[in-house]
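In: Return a 3D structure for these sequence lines:
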Amino acid sequence: MRSPRATLLLPLLALLICLHALTACSDGRQWDDEVTAAERLKQVGAAVQHYAMSHYGRLPAAAAPMANDGPPVSWRVLLVRSGFVNGSRDYRVEEPWDSPHNLELLKKMPDVFKPAGGPETPQGHTRVRAILGPSTVFDQKTMRIKDRKLTLLLVETDEAVPWTKPEDWELDPGDPLKGLGHLSPGRFLAFEAQGNVVKVLTEAGGQRVLEAMLAGDGKPESIEGLIEKIEPQKR
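Out: Numbering: from 1, shown residues only. I've put the predicted structure just below:
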């Protein structure tokens, strides 16, 4: 016959085992989502690099007209229309992104722009955005960066935007971590100009993150304590 104490402890032990299993499962899912997001971001970054290589080192414009007197078109749409990212090429460049016809293309967002995990986003929204602002890579419009250990080009932001909308992440020198690092507390994913996806650690501080986002400052900063590599989870 079980003692009263054992009768009480067994359900508690079973509950603790279940909670541990749920936590491990949740951690595994979060890691898998991060790896998937990193793989997609790398594909987008590679498409940007291939575009640049076929255009004498010049990046796609973050937002520029593709038709005479037309509205600005996002670089994400340009990559699809140019064949560097697989997807529908039905976007009408002579119309704004939110015209009735172009809004229909939100349903056809290429997989590489889709978020992986995190809070649910509206259909056709992406977190993959270019880093914009003075002295950033997109500002200089070239991938020809010399003597740099790390220069960030694209980021996965907390906020999601319609993938066809010409709206990206504006670097605020006074708050370079604004809108970053809340999907996975303490870090965010970024694609850097050498062709790698990295986890940027927010604990490194805003100043170091700012330096990593500037292409024209001429300072090859140390990357120790600033980034982590993306590696598959060992099971």
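In: So, low pLDDT: which residues of this structure?
Out: Across the chain, the ranges flagged by pLDDT under 70 are 1-31, 143-149, 216-222, 231-235.
In: longest strand of it?
Out: Longest strand in the chain by number of residues (criterion: DSSP state E): strand 152-162.
In: Which elements pack onto that strand?
Out: helix 4-53, strand 125-132, helix 137-140, strand 187-192 (3 or more CB pairs under 8 Å, 6 or more residues apart in numbering; DSSP states H and E). (Glycine included, C-beta is placed from N, CA and C.)
In: switch to 7 Å and redo it
Out: Contacts defined by 3 or more CB pairs under 7 Å, 6 or more residues apart in numbering; DSSP states H and E place strand 152-162 against helix 4-53, strand 125-132, strand 187-192.
In: What are the buried residues along stretch 86-104?
Out: By neighbour count on 16 or more other CB atoms under 10 Å, the buried set for stretch 86-104 is 87, 91-93, 95-97, 102.
In: nearest spatial neighbour of the residue nearest to the spatial centre of the chain, skipping sequence neighbours?
Out: The centroid of the chain falls nearest to Glu156 when counting by CA atoms, centre = their mean (2.3 Å). What sits nearest to Glu156 in space, not counting adjacent residues and going by CB to CB, 6 or more residues apart in numbering, is Leu189, at 4.2 Å.
In: can I assume the one you found is in contact with Thr36?
Out: No. Using CB atoms under 7 Å, Leu189 is not in contact with Thr36; the gap is 10.7 Å.
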